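got a sequence here, can you build the structure:
(one chain, ligands or ions: 1)
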Amino acid sequence: MKKKVLSVLLCVAMAATLAVGCGSKDEGTKGSGSDTKTEDTAKDDSSDSGKKTYAIVTKSAGNPYNEKEAEGFQEVIEAEGGECIVKHPEAATADAQVSVIQSLISQGVDSICIAANDENALQAALEEAMDAGIKVSCLDSKANADSRQTFVNQAGTTEIGQALMDAILDITGGEGQWAILSATSQATNQNAWIDAMKEIMKEDKYSKLELVEVAYGDDEPQKSTDQTQALLSKYPDLKVICAPTTVGINAAAKVLQDEKSSVKLTGLGLPSEMAEYIGDDDAHSCPYMYLWNPIDVGRLGAYTSIALVDGTITGAAGDEFTAGDMGDYTVVEASDGGTEVILGAPFKFDPSNIDEWKDVY
Ligand code: RAM
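Numbers count the residues shown, from 1 in each chain. All right, here's what the predicted structure looks like:
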């Protein structure tokens, strides 16, 4: 009897493994190379059918923002008749992404769209990809100008810095201590926003604000929680934490609200994760925050990849393309000497609109 149960269980387990194997090629694959076999099969199938293969590589697994971004990318690639490969590296590190890039080069994909975990450390791998004829673009977080053909930027860097600095000025009441809780210390997007904030802060109207520390939670919930707690104990006079990362702001919001802290929070957050923390009263930690639609970042990344592969654009400033129902976009010069395509302006989420958005992303 025991044996029978065991063999039934084995059969079920085998069937499950097969089913997972079949469906996992373009889902949130987590390892940096462990799923190559399934993807090789995907490429073989696609070459037979003449389909082009488009890969998206996010910063890391386990981050709902990255999942939304990949969801938008995949939706467009598949609707446009392409083969999509989604890769979420195990950790938000350059090393994890280099392994992924190398496996995509071996598979001979047509395009890689990547949210870079480091501005410079991916250069050799991405140059190798471009030398092999693969179109390379970045989205969300850019690699340096030599490592990409263009970059899908969610919003103007200075615009994001300005929105956040004005939120800090407003929420502190114009003076006092504030701190930043960022993602990883190498994250190009967060570092660019922080640099923009520091530049804006030089203006007179921000002169009574004191930035006491930039802490790094590495886009890991537990580390972001620990870093928030450390900020609270190190700086008893702290007035505001600004977390320009969806993982960081969510972790910080929970700490502040659970501890009934008087420290307030702003930054960049997903409405779905932050709805319960947004409010004007003492019971809520975050009066308001900003973001853009991560699904649209992925969708624009997909249309940009397709335009690069079909030759509509090369990624040079002045190139124009139509991103399906998103409309027309122009490639423009970026401040690092490369080019970018800007999705739009950052959007403010506050008590008046958070309920409309919390089920969207
Ligand atoms: C986190 C990631 C991502 C960033 C958002 C705002 O999810 O760091 O790269 O764009 O926050």
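
which bits of the stretch 151-300 of the chain sit near the ligand?
Contact residues, the stretch 151-300 of the chain versus the ligand (C-beta under 6 Å from any ligand atom): 183, 187, 189, 219, 245, 246, 247, 268. No exception for glycine: its C-beta is placed from N, CA and C like everyone else's.

if we go to 8 Å?
154, 183, 187, 189-190, 219, 244-248, 268-270, 291, 294, 297 (C-beta under 8 Å from any ligand atom).

contacting residues for the residue of the stretch 251-361 of the chain found nearest the ligand?
Here the residue of the stretch 251-361 of the chain nearest the ligand is residue 268; by C-beta to the nearest ligand atom that distance is 4.0 Å. Residue 268 sits next to 160, 164, 243, 244, 245, 246, 249, 289, 290, 291, 346 when contact means C-beta atoms under 8 Å, 6 or more residues apart in numbering.

the second one contacts residue 190, correct?
By that I understand residue 164. No - taking contacts as C-beta atoms under 8 Å, residue 164 lies outside contact range of residue 190: 11.0 Å.

any shared contact partners between these two?
Joint contacts of residue 164 and residue 190 (C-beta under 8 Å, 6+ apart) are residue 244.

state the helix or strand in which residue 51 lies.
In this structure, residue 51 sits in neither a helix nor a strand according to DSSP states H and E.

burial of the residue in the chain that the ligand sits nearest to, as a residue count?
Nearest to the ligand in the chain, going by C-beta to the nearest ligand atom, is residue 65, at a distance of 3.3 Å. Using other C-beta atoms under 10 Å, residue 65 is surrounded by 24 other residues.

picking that back up, what is the nearest of the contacts of residue 268 to residue 213?
residue 243 (12.6 Å; C-beta to C-beta).

now the closest one: phi and psi?
Main-chain torsions, residue 243, degrees, to the nearest 10: phi -110, psi 100.

enumerate the positions of the helix or strand containing residue 193 that are buried.
Using DSSP H and E, residue 193 maps to helix 188-200. If you call a residue buried by 16 or more other C-beta atoms under 10 Å, then helix 188-200 has these buried ones: 188, 189, 190, 191, 192, 193, 194, 196, 197, 200.

what does stretch 282-291 give?
Quick answer for stretch 282-291 (16+ other C-beta under 10 Å): 284, 285, 286, 287, 288, 289, 290, 291.

and the contacts of stretch 305-314?
52, 54, 76-77, 80, 82, 110-111, 113, 135, 137, 149-150, 304, 315, 319-321, 331.

can you check stretch 274-286 too?
With C-beta under 8 Å, 6+ apart, stretch 274-286 has contacts from 249-250, 252-254, 256-257, 260-266, 269, 287-289, 349-351, 354-355, 357-358.

circling back: which residue sits closest to the residue of the chain closest to the ligand, ignoring its sequence neighbours?
Leaving aside its sequence neighbours, residue 65 sits nearest to residue 246 (C-beta to C-beta, 6 or more residues apart in numbering; 4.4 Å).

so who does the nearest residue to residue 145 once chain neighbours are set aside touch?
Excluding its sequence neighbours, the residue lying closest to residue 145 (C-beta to C-beta, 6+ apart) is residue 338, at 3.1 Å. Residues in contact with residue 338, defined by C-beta under 8 Å, 6+ apart, are 142, 144, 145, 146, 148, 150, 151.

got the phi and psi for the last one?
With angles defined as degrees, to the nearest 10, residue 151 shows backbone torsions of phi -140, psi 130.

okay, now it: neighbour count?
Counted with other C-beta under 10 Å, residues neighbouring residue 151 total 30.

going forward, count from 814.
Okay, using 814 as the starting number, the last item reads as residue 964.

I'd assumed residue 1152 was in contact with it.
Yes - using C-beta under 8 Å, residue 964 is in contact with residue 1152, at 7.0 Å.

where does this structure have low pLDDT?
814-862 (pLDDT under 70).

okay, domains of it per the record?
For the chain, the structural domains run 845-967+1107-1158, 970-1104, going by automatic domain parsing.

what number of residues lie near residue 888?
There are 15 residues near residue 888, going by other C-beta under 10 Å.

and it, what is it in contact with?
1108, 1111, 1112, 1115.

now do the contacts for the residue nearest to residue 878.
Residue 1059 neighbours (C-beta under 8 Å, 6+ apart): 876, 877, 878, 1081, 1082, 1083, 1086, 1104.

wait, residue 1152 touches residue 963, no?
Yes - using C-beta under 8 Å as the test, residue 1152 is close enough to residue 963 to be in contact (4.7 Å).

counting neighbours, go ahead and name the busier of the two.
Counted by other C-beta under 10 Å, residue 1152 and residue 963 do not tie: residue 963 has more neighbours, with 30 against 24.

with adjacent residues omitted, what lies nearest to that one?
Closest to residue 963 by C-beta to C-beta, 6+ apart is residue 1128, at 3.7 Å.

on the three-state scheme, the one you found is what?
Secondary structure for residue 1128, judged by DSSP: H, G, I helix; E, B strand; the rest coil, is coil.

tell me the contacts of it?
950, 961, 962, 963, 1121, 1144, 1152.

tell me which of the residues you listed fall in helices.
residue 1121 (DSSP state H).
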